[in-house]
Each structure stands twice: as C-alpha cells, then as structure tokens.
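Here is my input, please return the structure:
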Amino acid sequence: MQKLLSYEHPDLTILSGDQITGEFMSGNATVYYDMMLRPLVEGGYRWASVYGNHDAGPAFDRRDLMKVEQGYDGCYSKEGPRNITGVTNYYVPIYASEPRGGADNDEEDIPALILWFLDSNGNASIPHPVDW
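All right, here's what the predicted structure looks like:
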C-alpha cells in the first residue's frame, strides 16, 4: 500500500470494505487494522472507509474499528446513525479547491461532489429478517 500511495499521491483514499478478515481472528483485530492504516497515517494521507462483511469478528465489531480510525487526523470515516443497520452509513462532501464563479460567489459552500458510504452490514444478525 505504501508504494502505491507514494506513486499515486491521492487527495483522498477510499477503503471499500473487507480491509481485514475478522471472522477467523480469535483476538482483537484492531491491532491489525491499525497496522493496515499505518501507510496512510505515516504518509499524511486522508481516507474514508466503508465496512464489508469481513470487517467484524468474534472478539471485535465494526465500532471497534471505527474507534481506531477516528484516532487519526486523516480519517474522514464517520459512524452513521444508530437507527440504521450498519456502522459506516454516512456521506463526505467534497468541495472545489477554487470557489465556482469566483471568491464572491454564493455557491462556494455547495459541495462539488458528495460521496455516499453504505455499510454492507454483512454477517450481522438482523432481528426481523424479511420473509421472502
């Protein structure tokens, strides 16, 4: 990852789920998650993540991973509303580096892009599954 980051120099890196394989880890995987984030942190990169069906295990859950991520300045990941199943259901607004239409433009606070993150919530127990 470090080699790729130094080659690409991204403004924002998206971690799109299944960063770790948690279901086979008997210990707390936050240590491994922290190791996975190290190239981003040491390189001063910004990132946002969404969790997949493998990003939980018997000794930890997605909220434990979120606590690790949010301990770093470059993290744009957010815990979504608790009334929605999953942890990483949120959005990140992206603003233009230059205000559209000049410095006196009223549109400077309007995002140029909005990235939406939707947690797969895979392997979670759902209290009332849909009866197809």
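
May I have the helix or strand that contains residue 38 as PDB, with CA atoms only?
Using DSSP states H and E, residue 38 sits within helix 30-42. Coordinates of each C-alpha in helix 30-42 appear next as PDB, following Å, rounded to 0.1, in the frame of the first residue of the first chain:
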ATOM      1  CA  THR A  30      -7.900  -3.600  16.000                       C
ATOM      2  CA  VAL A  31      -4.200  -4.100  16.200                       C
ATOM      3  CA  TYR A  32      -4.100  -5.400  12.700                       C
ATOM      4  CA  TYR A  33      -6.400  -2.700  11.500                       C
ATOM      5  CA  ASP A  34      -4.100  -0.100  13.000                       C
ATOM      6  CA  MET A  35      -1.200  -1.800  11.100                       C
ATOM      7  CA  MET A  36      -3.200  -1.600   7.800                       C
ATOM      8  CA  LEU A  37      -3.800   2.100   8.400                       C
ATOM      9  CA  ARG A  38      -0.100   2.900   9.100                       C
ATOM     10  CA  PRO A  39       0.900   3.700   5.500                       C
ATOM     11  CA  LEU A  40      -2.000   6.200   5.300                       C
ATOM     12  CA  VAL A  41      -1.200   7.800   8.700                       C
ATOM     13  CA  GLU A  42       2.600   7.900   8.200                       C
END
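
out of everything not next to it in sequence, what's closest to the spatially most central residue of the chain?
Here the mean C-alpha position of the chain is nearest to the C-alpha of residue 49 (Cα atoms, centre = their mean), at a distance of 1.5 Å. The spatially closest residue to residue 49, leaving aside those adjacent along the chain, is residue 15, at 3.6 Å (Cβ to Cβ, 6 or more residues apart in numbering). (C-beta placed from N, C-alpha, C; glycine too.)

I'm done for today, thanks for sticking with me.
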